[in-house]
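> What follows is a predicted structure for the sequence shown.
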Amino acid sequence: MTKHASIMRQLSPVRNSTTLNEAPELAREQLQHFGIDPESVYGQALLQVTTHLYQTGNELHQIAILNDSLKRLPKTDQISYFNAKKFLCFQLAKLIDMLQPSLRNSYQALDMDVSSRAVKGDYPLFANVGALFSATPAIVRTATYLYACTEWVEDAFQGKESTHPVYSRLLNPTSISLSNTIVSLEAGRYAADYMAWNFNSGMAAIDSLLSNQLRHGDILLTSRNVYGGSFQLMHDFYARPDRLDIQLEWFDGYTGEEFDARLKAVHKDHQQRLQDGRRLFVYLESPCNPHGYVVDVPEICRSAHQQGHLVMLDSTLATPFLSRPLHHPDKTCRPDWVIHSYTKDLSGGGSTTAGGIIGESFRMFLPKGSKHDSQNEKVNWDQTLFWDVYYIKGAFLDADKAIEVIQGIKTLENRMLTKCINTLIFTHCLNHHPLIHVNSHGLKDHPNHELCQKLLYLGLPSPLFTIDMQEANVPRDAFVRFFDALEPVFGHMVSLGQSNTLVLCPALTSHSEMDQQAQAKADIHLTTIRIAMGDENPRDLINQFTAAAMLHIDPVVKGFSDAFMTENEVEKLIKTIHLDVHERHLNANYQKHKSP
């Protein structure tokens, strides 16, 4: 069978059983399948149109196989080809629209009883054509989908018909649009090699990935500073001997050298398990919660991959604005999966919970019965994230949440730039006070500052950091009154990544799952305040913080508020940082877009 015959057969209602190869034959067979006499008046008209469709399908495939050459074309040609193809899509949609009156008449001619008409309503195909022209992805609120024919839906259940969803728990067009968006942002030029699945929360995404990969007795080497919910999931579920008995090991430090040393120690401690066939995985969070530290993801990935270990990275705090680890030209330096809690900065409004996982396509989905077999890795279809977890657990993302995240992503760059600027202003302002310890790599003397400069866009800091006033010896009751007085300019809320600045005490909230020993190792104290920076005017934040200190700390620590910056010093700091960051941002964009 020729290649063009194989392509045309994909349009046949009997694609898996037909033996025909040519467009006229396939068209005639299609009409007979639906009980239409090709020699009738209707039959002759449908036969001619259907024959053209089969031929068009083959010709469209010829266009598709030229896609690899597009990157080598001049920019002017790329623009022309895009617009020509875009208009072709409009033409094809217009052809469908031209068919709608005839289809509606056929539907009405069935002459169903009024009760049946009321139940069924307008046939969906009539109304949905207009959605093809929607300027934003259509919100597809449906649980189920129309079947085209028996063999097509059979292929859909086998994962061989991507354009024919069978159930929104598995595939929903709005959610798929979000997947395509996040893959393009995270993987860039390598996007064709990656896929994403979306979940109902960030924790659902983390749990799905861990359950997909971990087997009983495996070893999980994890960066010390991770979100409290992640710690609880690993420690209280996966590591329990009566569950998966995962051996949890913790990595303190930031650098590739520190990771190498820890990995060697873990290999030594678990030598017997590794010899018995147990696997070791690496789980990173960078920047981390609650302090915002970054770890050297490329070097850690390189080291882990040299030893044959796969790497999972929670990149929620970075977002694709601050860090794009899958853009690295050396594949060994890329994590194998990138996790996002869309709940945070990607959606940005704090109105939805969602999460996603990006990974190489062969680990995310393979059609039933197929396998990926490379020199380094063998993956069977039932080991992929889709079939092993997503298909059976139901932690999918619905259309309404997906569109919220898509809309949020549209303003990501501006929001993140403002948050990073506010972080620099606020941390430098607080760092001026001798009794406030600011734990942010945005400060030049911070031990994590060098990696911040190396790995994050423009060396901008994570808009999540911590402070404490341990040196001031503020009594507990005064500290509590001070913290409570930070409202309403600072939001007392559990979460991060929203438009407003949020504060909480990790020891009592986000990391309360850790015992005191684990909290101490993570540098979390009872009076540690986690600050998730928002987009407000930084003057309001500084003024509220200072006023709350005057009201509740000054009475117990004499002259405490006198050590803050003066109003003139604050104004000078704001202007200096704004001009510096915006100038560097403009220069970076110029360098990226200027002609070679």
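That came through, no problem. Numbers count the residues shown, from 1 in each chain.
> which stretches of the stretch 101-250 of the chain form strands?
194-199, 219-223, 247-251 (DSSP state E, counting those that start in this stretch).
> any idea of the mean pLDDT in the longest one?
Strand 194-199 comes out with an average pLDDT of 97.
> picking that back up, please name whichever of the strands of the stretch 101-250 of the chain is nearest to residue 317.
Among those, the nearest to residue 317 by CB to CB is strand 219-223 (12.5 Å). C-beta: built from backbone N, CA, C; applies to glycine.
> Which neighbouring elements make contact with that closest one?
Taking 3 or more CB pairs under 8 Å, 6 or more residues apart in numbering; DSSP states H and E as contact, the helices and strands that strand 219-223 lies on are strand 247-251, helix 256-269, strand 280-285.
> and the shortest one, which residues are buried?
For strand 247-251, burial by neighbour count (16 or more other CB atoms under 10 Å) applies to 247, 249-251.
> closest to residue 521 among those residues?
residue 250 (7.6 Å).
> what are the bridge partners for that closest one, then?
residue 222 (DSSP bridges).
> how much space between it and residue 305?
As judged by CB to CB, to the nearest Å, residue 250 and residue 305 stand 21 Å apart.
> Relative to residue 286, how far out is residue 421?
Residue 421 is 21 Å from residue 286, by CB to CB.
> rewinding a little: do you know which of the strands of the stretch 101-250 of the chain lies nearest residue 473?
Per CB to CB, nearest to residue 473 of the strands of the stretch 101-250 of the chain: strand 247-251, 30.6 Å.
> can I get the CA coordinates of that closest one in PDB?
These are the backbone C-alpha positions of strand 247-251, laid out as PDB (Å, rounded to 0.1, in the frame of the first residue of the first chain):
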ATOM      1  CA  GLN A 247      13.400   5.300  50.900                       C
ATOM      2  CA  LEU A 248      13.400   9.100  51.300                       C
ATOM      3  CA  GLU A 249      16.700  10.800  51.300                       C
ATOM      4  CA  TRP A 250      17.300  14.600  51.500                       C
ATOM      5  CA  PHE A 251      19.700  16.800  49.700                       C
END
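> so for that strand, what's the average pLDDT?
For strand 247-251, the mean confidence score works out to 96.
> what does it rub up against?
217-224, 234-235, 238-239, 258-259, 262, 266, 269-270, 273, 521 (CB atoms under 8 Å, 6 or more residues apart in numbering).
> Buried ones among those residues?
Buried, going by 16+ other CB under 10 Å: 217-224, 234-235, 238, 258-259, 262, 266, 270, out of those.
> Widest-spaced pair of those residues?
Maximum distance among the buried ones among the contacts of strand 247-251 (CB to CB): 26.2 Å, for 217 and 258.
> Kindly tell me how buried residue 34 is, as a neighbour count.
9 (other CB atoms under 10 Å).
> Now do the phi/psi pair for it.
phi -100, psi 10 (degrees, to the nearest 10).
> Skipping its backbone neighbours, what lies nearest it in space?
residue 13 (7.4 Å; CB to CB, 6 or more residues apart in numbering).
> SS state for the one you found?
For residue 13, the secondary structure call by DSSP: H, G, I helix; E, B strand; the rest coil comes out as coil.
> looking at it, it is touching residue 151, isn't it?
Yes: contact criterion CB atoms under 8 Å: residue 13 and residue 151 qualify, at 6.5 Å.
> residue boundaries of the helices in the stretch 51-200 of the chain?
Along the stretch 51-200 of the chain, counting by DSSP state H, counting those that start in this stretch, helices occupy 75-108, 114-120, 124-128, 150-157, 173-187.
> Going by contacts, tell me the helices and strands next to the first one.
Translated: helix 75-108. Against helix 75-108 (3+ CB pairs under 8 Å, 6+ apart) you get helix 124-128.
> who does the helix it packs on touch, helix- and strand-wise?
By 3+ CB pairs under 8 Å, 6+ apart, helix 124-128 packs against helix 75-108.
> buried sites along the helix it packs on?
Applying 16+ other CB under 10 Å to helix 75-108 flags residue 81 as buried.
> same thing with stretch 128-138?
137-138.
> Next, the distance between the ends of it.
9 Å (CA to CA, to the nearest Å).
> outside of that stretch, which residues touch it?
89-90, 93, 96-97, 100, 173-174, 177-178, 402-403, 406-407.
> I'd like those residues written out as JSON lines, with pLDDT added.
JSON lines is the format used below for these (pLDDT from 0 to 100):
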{"residue": "89", "pLDDT": "90"}
{"residue": "90", "pLDDT": "91"}
{"residue": "93", "pLDDT": "89"}
{"residue": "96", "pLDDT": "89"}
{"residue": "97", "pLDDT": "89"}
{"residue": "100", "pLDDT": "89"}
{"residue": "173", "pLDDT": "92"}
{"residue": "174", "pLDDT": "94"}
{"residue": "177", "pLDDT": "95"}
{"residue": "178", "pLDDT": "97"}
{"residue": "402", "pLDDT": "96"}
{"residue": "403", "pLDDT": "96"}
{"residue": "406", "pLDDT": "96"}
{"residue": "407", "pLDDT": "95"}
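> And the furthest pair within those residues?
So, the contacts of stretch 128-138 by CB to CB: farthest apart are 100 and 407, at 29.6 Å.
> Distance check, residue 336 against residue 284.
From residue 336 to residue 284 the distance is 11 Å (CB to CB).
> hang on, I meant residue 562
The value you get for residue 562 to residue 284, if CB to CB is used, is 42 Å.
> What of residue 312?
Residue 312 is 7 Å from residue 284, by CB to CB.
> Those two: which has the busier surroundings?
The neighbour count for residue 312 versus residue 284, taken as other CB under 10 Å, is higher for residue 284 (26 against 22).
> Under a three-state scheme, what state does the nearest residue to residue 160 once chain neighbours are set aside occupy?
Nearest residue to residue 160 in three dimensions, chain neighbours excluded: residue 367, at 4.7 Å (CB to CB, 6+ apart). Judged by three-state DSSP, the three-state class of residue 367 is coil.
> and what of residue 438?
Applying three-state DSSP: residue 438 is strand.
> thought it was touching residue 469?
No: applying CB under 8 Å, one finds residue 438 not in contact with residue 469, separated by 10.4 Å.
> what residues does the lowest-mean-pLDDT helix or strand in the chain touch?
Least confident helix or strand, the chain: helix 516-521 with a mean of 77, by mean pLDDT, DSSP states H and E. Here helix 516-521 makes contact (CB under 8 Å, 6+ apart) with 224, 231, 250, 252, 506-507, 511, 525.
> Only the buried residues of stretch 163-174, if you could.
164-165, 168-174.
> Closest to residue 206 out of those residues?
Looking across the buried residues of stretch 163-174 and measuring by CB to CB, the closest to residue 206 is residue 169, at 19.5 Å.
> Who are the contact partners of that closest one?
Taking CB under 8 Å, 6+ apart as the test, what residue 169 contacts is 143, 394, 396.
> Can you say which of these are buried?
Buried among the contacts of residue 169 (16+ other CB under 10 Å): residue 396.
> When you compare pLDDT across the contacts of residue 169, which one is lowest?
Scoring the contacts of residue 169 by pLDDT puts residue 394 last, at 84.
> Relative to residue 354, how far out is it?
15 Å.
> One more: residue 182?
From residue 182 to residue 354 the distance is 11 Å (CB to CB).
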